[in-house]
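> Quick one: sequence and predicted model below, then my questions.
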Amino acid sequence: MRDALEKPELVVPLISEELRLEKRETSTGKVRVQTVVETVDELARATLEEDSLNLKRVPVGKEVVEPPAIRTEGDVTIIPIVEERMIVEKRLVLVEEVHIRRTTSARMVEMPVTLRKQKAVIESEPAEHTKQENSK
């Protein structure tokens, strides 16, 4: 039993609200998108540079000890072209003299030799009519 002096317990219910959110798709209208191509004529401008070379061969013909370096004089680039050349030098040198002296001498030489000779033997005979006239 309860004590009469005791108070009864009071229970207070606590309530809380919770939010519950739901989404739905809803059509509110339609949109149509088209693409249109427009052409615009414009004049394109640009500065183009072009280099051209002028090649000139300049004969020099000078002996050098070593190849010259490539050099620039103003707007001209100079490229030396060298080659090795064999130089043959020709000189007349008197090496010796040959002295020839002519002497004439005569001596008698005997040697057996066989010689052949041809002779022509000619006999003449009188003609026939000459023989008859001679016999008359």
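The structure has been received and is ready for your questions. Residues are numbered from 1 along each chain as shown.
> drop to CA atoms for contacts and neighbour counts, all remaining ones
Fine.
> quick one: the spatially most central residue of the chain from Thr47, how far?
Nearest to the geometric centre of the chain sits Ile81, at 16.3 Å (CA atoms, centre = their mean). Distance, Ile81 to Thr47, using CA to CA, to the nearest Å: 37 Å.
> Can you tell me the SS state at Val72?
I think there's a mix-up here, since residue 72 is Thr and not Val. The three-state label given to Thr72 by DSSP: H, G, I helix; E, B strand; the rest coil is strand.
> Report how many residues lie close to the nearest residue to it once chain neighbours are set aside.
Closest residue to Thr72 apart from its sequence neighbours, by CA to CA, 6 or more residues apart in numbering: Ile78 at 5.9 Å. Neighbourhood size, Ile78 [other CA atoms under 10 Å]: 14.
> again, but for the one 5 residues further on
Glu83 sits with 6 neighbouring residues when counted by other CA under 10 Å.
> Could you measure from Ile81 over to Glu42?
For Ile81 relative to Glu42 (CA to CA), the value is 52 Å.
> a strand runs through the residue nearest to the centre of the chain, doesn't it?
No. The assignment for Ile81, made by three-state DSSP, is coil rather than a strand.
> Against Arg91, how distant is it?
When Ile81 is compared with Arg91 (using CA to CA), they lie 30 Å apart.
> contacting residues around the residue nearest to the centre of the chain?
By CA atoms under 8 Å, 6 or more residues apart in numbering, no residues touch Ile81.
> what pLDDT does it get?
Looking at Ile81, its pLDDT reads 92.
> what about it, distance to Arg71?
According to CA to CA, Ile81 stands 12 Å off from Arg71.
> Ok, Ile122 next?
Using CA to CA, Ile122 is found at 107 Å from Arg71.
> who has more neighbours, the two?
Legend: neighbour count by other CA under 10 Å for Ile122 and Arg71, higher for Arg71 (11 against 6).
> Which stretches in this structure count as helices?
Ranges of helices in the chain, per DSSP state H, are 128-135.
> Now do stretch 31-39, average pLDDT.
81.
> Tell me how far that stretch lies from the chain's centre.
Offset of stretch 31-39 from its chain centre (CA atoms, centre = their mean, to the nearest Å): 60 Å.
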